[in-house]
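Undergrad: With the input below, show me the fold.
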Amino acid sequence: MSTSLDPLQNPANGLSFAPEWAGTNIYLASQPVTDCVEALYPEERSVIAASAPLRQRTFSSGRRCARIALAEAGLPACVLARADDGSVCWPEGVVGSVSHTNDWAVSAVALRDMSEAASLGVDLERIQPLEAGVIKVVATASEQTELAMQGAKRWQATALFSLKESVYKCLRPSYGRFIGFKEVEICDIVSGKPHLSFCNEELSKHFRESEVQLRMAVTSDYVLSLAWLRNH
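TA: Residues are numbered from 1 along each chain as shown. Okay, the predicted model is just below:
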């Protein structure tokens, strides 16, 4: 699905899309990156105490988005610690993900027992051209063919990268190891209904392709993508 919504022209709602865009009982929240350090819990503030100012702003804005999304789900504010792998330690029974650029932060959360999401990943990317060398690292042969086709959209390569980031965030916790860009293939991006397939036999043993749901939205400057693994 795509939308003409431009977050820079609508700062009050940011990247707020219709609830049905995300799926049943998945909550999205976003905001411009600002200094929200004072709103952090001490345990969270200690993570970025020695970080550069931009890192402090992106981290604190991401945590604020996460708390807004949790509130939308009916949960109270709580400490959102940082796991060893850099991900967020969510409350029991909650799955979620956070992403940010230098300008915007976004979070998606769901209650495992009240949604179809067993895990999820969200990614936000500013639209920009990808160098040929980067495309060769990120894209499979089929994906490179799609990107090279006449009429390819200027946001298409960014969307491919973003979708793969969301899939990685979604599957990594239960898979337990690194997932390379070319272990997953995503086609039909321009249609707004991207199709995922696994290029790694081990991934196919752990997950069914049909269990991984993908959503994407494109604004004038950003691509927002979401992946979630369906509950059995």
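Undergrad: Poorly predicted segments of the protein, please.
TA: Applying pLDDT under 70 to the chain picks out residues 1-24.
Undergrad: And what about the one residue sitting closest to the centre of it, helix, strand or coil?
TA: When C-alpha atoms, centre = their mean is applied to the chain, the residue found nearest the centroid is V122 (1.5 Å). What DSSP: H, G, I helix; E, B strand; the rest coil gives for V122 is strand.
Undergrad: Hmm, S225 and it touching each other?
TA: Yes. V122 lies in contact with S225 (C-beta atoms under 8 Å); the separation is 7.1 Å. Backbone N, C-alpha and C define where each C-beta goes, glycine included.
Undergrad: just checking, A73 touches Y27?
TA: Yes. With contact defined as C-beta under 8 Å, A73 counts as touching Y27 (5.0 Å).
Undergrad: so what's in contact with these two at the same time?
TA: Each of V109, A110 lies in contact with both A73 and Y27 under the rule C-beta atoms under 8 Å, 6 or more residues apart in numbering.
Undergrad: Those two: which has the busier surroundings?
TA: Legend: neighbour count by other C-beta atoms under 10 Å for A73 and Y27, higher for Y27 (21 against 18).
Undergrad: How is the chain partitioned into domains?
TA: For the chain, the structural domains run 7-123, 125-230, going by automatic domain parsing.
Undergrad: Where does the most far-flung residue of the chain relative to its centre sit: helix, strand or coil?
TA: Distance to the chain centre peaks in the chain at Q150, reaching 28.2 Å (criterion: C-alpha atoms, centre = their mean). Three-state call for Q150 (three-state DSSP): coil.
Undergrad: which residues touch it?
TA: Contacts of Q150 (C-beta under 8 Å, 6+ apart): none.
Undergrad: do you know how far it is from V223?
TA: Distance of Q150 to V223, given as C-beta to C-beta, to the nearest Å: 21 Å.
Undergrad: Kindly report the same for S99.
TA: In this view, S99 and V223 are 11 Å apart by C-beta to C-beta.
Undergrad: Are there residues contacting both of those two? Which ones?
TA: L124.
Undergrad: And the helices in the chain, which stretches?
TA: In the chain, the helices defined using DSSP state H lie at 19-22, 42-45, 53-72, 132-138, 141-148, 156-175, 201-206.
Undergrad: quick check: angle from the fifth one to helix 156-175?
TA: Taking axes from the mean of the first three to the mean of the last three C-alpha atoms, to 10 degrees, one finds that helix 141-148 is oriented at 150 degrees with respect to helix 156-175.
Undergrad: Of all the residues in helix 141-148, which ones are buried?
TA: For helix 141-148, a neighbour-count test (16 or more other C-beta atoms under 10 Å) marks E143, Q144, E146, L147 as buried.
Undergrad: Pretty sure the third one sits against Q156.
TA: Yes. In terms of C-beta under 8 Å, E146 counts as a neighbour of Q156; the distance is 7.4 Å.
Undergrad: Quickly list what's touching both of these two.
TA: With C-beta under 8 Å, 6+ apart as the test, E146 and Q156 both reach I189, V190.
Undergrad: quick one on the thing from earlier: pull up the overlap in contacts between V122 and S225.
TA: In contact with both V122 and S225: S166, using C-beta under 8 Å, 6+ apart.
Undergrad: circling back to that earlier point, distance of the residue farthest from the centre of the chain from M114?
TA: 45 Å.
Undergrad: Quick check: bridge partners of the residue nearest to the centre of the chain?
TA: Counting by DSSP bridges, V122 is bridged to L226.
Undergrad: Over to S97?
TA: Residues in beta-bridge contact with S97 (DSSP bridges): A108.
Undergrad: I appreciate the help and will end here.
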